[in-house]
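S.K.: I need the structure of the sequence given here:
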Amino acid sequence: MGILETVIILIIFVLLCIPMGKYIYKVAEHKKTFLDPVLDKVDNCIYRISGITKEEMTWKQYIIALLICNALPAVIAYIILRLQFVHLLNPNHIGSMEQGLTFNTVISFLTNTNLQDYSGEWGLSYFSQMIVITFFMFISAATGFSVALAFIRGLAGKKKSVGNFYVDFVRIITRVLLPLCIVVAIFYIQQGVPQTLSPNKTVTTIEGKLQDIPLGPVASLESVKLIGTNGGGFFGGNSAHPFENPTPLTNIIQILSMLLLPGSIVVCFGHMIKKKKQAVAIFAAMGILFIIGIAVCYASEKAGNPVLSQIGLSQSMGNMEGKEVRFGIPMSSLFTTVTTAATTGAVNNMHDSLTPIGGTVPLVNMMLNVVFGGKGVGFMNMIMYAILTVFLCGLMVGRTPEYLSKKLEGREIKLIALAIIIHPFLILMFSALALVLPQGVAGISNPGFHGLTQIVYQYASSAANNGSGFEGLADNTMFWNTTAGLAMLFGRYLSIIILMAVAGSLASKKAVPVSEGTFRTDNAVFTFTLIFIVIIIGALTFFPALSLGPIAEQLTL
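M.R.: Alright, predicted model coming up:
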């Protein structure tokens, strides 16, 4: 039954990506859509108030506009969190946030990571939840989406401009994110998710004891949390909390919400470059890696812990530890794979309680960071590997490599190599730093192999802008807040800048005609070559860390 449910969800996901991808293409290319009569007026009003012009930008101008648009809200958000003790939409009297935690939280939500070193309902006022957290979820998602569209224009364009960041940013929020979030939020409210400004309720339980029931504007945050691949929960329990994810139906919608836009942007890519087979090849590569992850995670969790059989218990009994009984092993395994493949970070179970191999799947998803990914990031990273694949194949046949009719030369390959190196460098160097400094070691709650996995997972989640936690770490300290914040910051913006430089370089080149010797990038051969390149580079980079962590732990069972 669990396998059938998974298959049905994946089929629905693929079917939804086709119309959504076409719609996003129309939004990106300013084609006519059914929302234009209303939203054209809204957008033009925003442009007039903000002083936005619609002039085309080079990739450098695009990046500068992006950084400015992200930096100013970050400063305001820092001030709000530090002063949230002021009684403004703060009925539960939440105090101000400590400076190290504030830095981590602002960077986390600004970069679409949403790593939470605080417990949601007890760490933020309603004002902070709405004005900082929910607002940043829209900003970060629209930023990643905008960059992906500009990146595609650079790959396919016949001119040096890659669009206008402000225009892309506004249109994505008003025409994609807001409409989807409104519909999904209404659905969540109907299913029982709270949407109120009332304070927490204190009730008497059937045992005669008092219990605080946390409330708040949850549904509005929850909708953009998943649609925007953000992942930060209103409550500390995230999507395992019955107020965030009350029914099996909301669980399915959350899974589809995480996958919809990351998958649709690949379809949009095919429309924008006028080569749908190229998009099919990229989507297939992502899909195969995705399905492998689901299968491994499910099989591992289903098999259970072999140690239990030695004491006369069923191996699978222990695998319900850390899982919601409402969802069980199948939906927990699927949610785990989806949330780390789509770099969302929401959780409906405790990843720290997964079997060693089951826990390796989310870890590998974040290490590779190419399996659909968040808003455009996973797609851009997969194109980065596609360019590398074409280059390597070109070397083997002695021909100048080309991708999308653009010659690949030294500048592009150097930038690609730098982008590939940065991600593992951030993960492994920060992990090494945590292991040699007493401030880092003090946060480890599980000695041995599992403790190493906790550390590597923390920085993999930060550098990949995922935000899920392996938990078990005492990470609300100045050391962990600062180092994780820096990993999130560098992991987000360095990759964006480098890959936009690649797109800008290719945009300035003239298209070369396709010939008999051109290496095709729209067939099964390319798809499987791309998959092997991703796996080989990932293994060469991360296998030693995996061997000392989850693999070694599995061998001790």
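S.K.: three-state assignment of residue 198?
M.R.: Per DSSP: H, G, I helix; E, B strand; the rest coil, the secondary structure class of residue 198 is coil.
S.K.: which residues touch it?
M.R.: With contacts defined as Cβ atoms under 8 Å, 6 or more residues apart in numbering, residue 198 is in contact with 91, 215. Every C-beta, even on glycine, is put in place using the N, C-alpha and C of the backbone.
S.K.: Try it again at 10 Å.
M.R.: 91, 126, 215, 216 (Cβ atoms under 10 Å, 6 or more residues apart in numbering).
S.K.: got any ranges where the stretch 151-300 of the chain has weak pLDDT?
M.R.: Low-confidence segments of the stretch 151-300 of the chain (pLDDT under 70): 158-159.
S.K.: that older thread, out of the contacts of residue 198, list just those in helices.
M.R.: residue 126 (DSSP state H).
S.K.: Format the contacts of residue 198 as TSV; extra columns: neighbour count and distance to residue 544.
M.R.: Below are the contacts of residue 198 laid out as TSV (neighbours: other Cβ atoms under 10 Å; distance: Cβ to Cβ, whole Å):
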residue	neighbour count	distance to residue 544
91	14	51
126	22	46
215	20	47
216	27	44
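S.K.: can you put the contacts of residue 198 in a markdown table and add distance to residue 99?
M.R.: Shown next, in a markdown table, are the contacts of residue 198 (distance: Cβ to Cβ, whole Å):
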| residue | distance to residue 99 |
| --- | --- |
| 91 | 25 |
| 126 | 22 |
| 215 | 28 |
| 216 | 25 |
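S.K.: quick one: which of the contacts of residue 198 is nearest residue 273?
M.R.: residue 216 (43.5 Å; Cβ to Cβ).
S.K.: For residue 194, see how far away the residue lying closest to that closest one once chain neighbours are set aside is.
M.R.: Setting aside the residues directly before and after it, residue 216 is nearest to residue 126 in space (Cβ to Cβ, 6 or more residues apart in numbering), at 5.5 Å. Residue 126 is 11 Å from residue 194, where distance means Cβ to Cβ, to the nearest Å.
S.K.: Equivalent analysis for residue 279, please.
M.R.: Using Cβ to Cβ, residue 279 is found at 40 Å from residue 194.
S.K.: Please apply the same query to residue 88.
M.R.: Note on residue 88: its distance to residue 194, by Cβ to Cβ, is 20 Å.
S.K.: neighbour count winner among these two?
M.R.: A count of neighbours by other Cβ atoms under 10 Å puts residue 194 above the other of residue 88 and residue 194, at 19 against 13.
S.K.: Next, the contact list for that one, please.
M.R.: Each residue near residue 194 by Cβ under 10 Å, 6+ apart is listed here: 188, 213-219, 222, 234, 243-244, 246.
S.K.: Among those, which ones are in strands?
M.R.: Counting by DSSP state E, the part of these found in strands is residue 213.
S.K.: OK, contacts around residue 440?
M.R.: 430, 431, 432, 433, 434, 455, 458, 473, 477, 479, 480, 483.
S.K.: Swap in 8 Å and give it another go.
M.R.: For residue 440, the contact set (Cβ under 8 Å, 6+ apart) comprises 433, 434, 455, 479, 480, 483.
S.K.: longest helix anywhere in the protein?
M.R.: Under DSSP H, the chain gives helix 478-507 as its longest helix.
S.K.: Would you mind listing the outside residues contacting stretch 101-111?
M.R.: Contact with stretch 101-111 is made by 70, 73-74, 77-78, 81-82, 97, 113-118, 132-133, 136-137, 139-140, 230, 232, 465, 467, 476, 480-482, 484-485, 488-489, 491-493, as judged by Cβ under 8 Å, 6+ apart.
S.K.: mind listing what's buried in that stretch?
M.R.: Neighbour counts over stretch 101-111 (16 or more other Cβ atoms under 10 Å) mark 101, 102, 103, 104, 105, 106, 107, 108, 109, 110, 111 as buried.
S.K.: Can you name the two of those that sit furthest apart?
M.R.: Across these, no pair lies farther apart than 101 and 111, at 15.9 Å, counting by Cβ to Cβ.
S.K.: which secondary structure elements does the one helix or strand residue 462 maps to contact?
M.R.: Here residue 462 sits within helix 449-463, counting by DSSP states H and E. Judged by 3 or more Cβ pairs under 8 Å, 6 or more residues apart in numbering; DSSP states H and E, helix 449-463 is in contact with helix 356-368, helix 410-436, helix 478-507, helix 552-555.
S.K.: Let me have these in JSON lines, adding distance to residue 519 and mean neighbour count as columns.
M.R.: Listed next are those as JSON lines, based on distance: least, Cβ to Cβ, whole Å; neighbours: other Cβ atoms under 10 Å:
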{"stretch": "helix 356-368", "distance to residue 519": "23", "mean neighbour count": "25"}
{"stretch": "helix 410-436", "distance to residue 519": "15", "mean neighbour count": "17"}
{"stretch": "helix 478-507", "distance to residue 519": "16", "mean neighbour count": "22"}
{"stretch": "helix 552-555", "distance to residue 519": "39", "mean neighbour count": "16"}
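S.K.: May I see those organised as TSV, with distance to residue 273 and mean pLDDT added?
M.R.: Output for these, formatted as TSV (distance: least, Cβ to Cβ, whole Å; pLDDT from 0 to 100):
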stretch	distance to residue 273	mean pLDDT
helix 356-368	24	93
helix 410-436	17	94
helix 478-507	12	94
helix 552-555	43	91
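S.K.: Could you export those helices as CSV, including distance to residue 295?
M.R.: Shown next, in CSV, are these (distance: least, Cβ to Cβ, whole Å):
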stretch, distance to residue 295
helix 356-368, 9
helix 410-436, 25
helix 478-507, 28
helix 552-555, 17
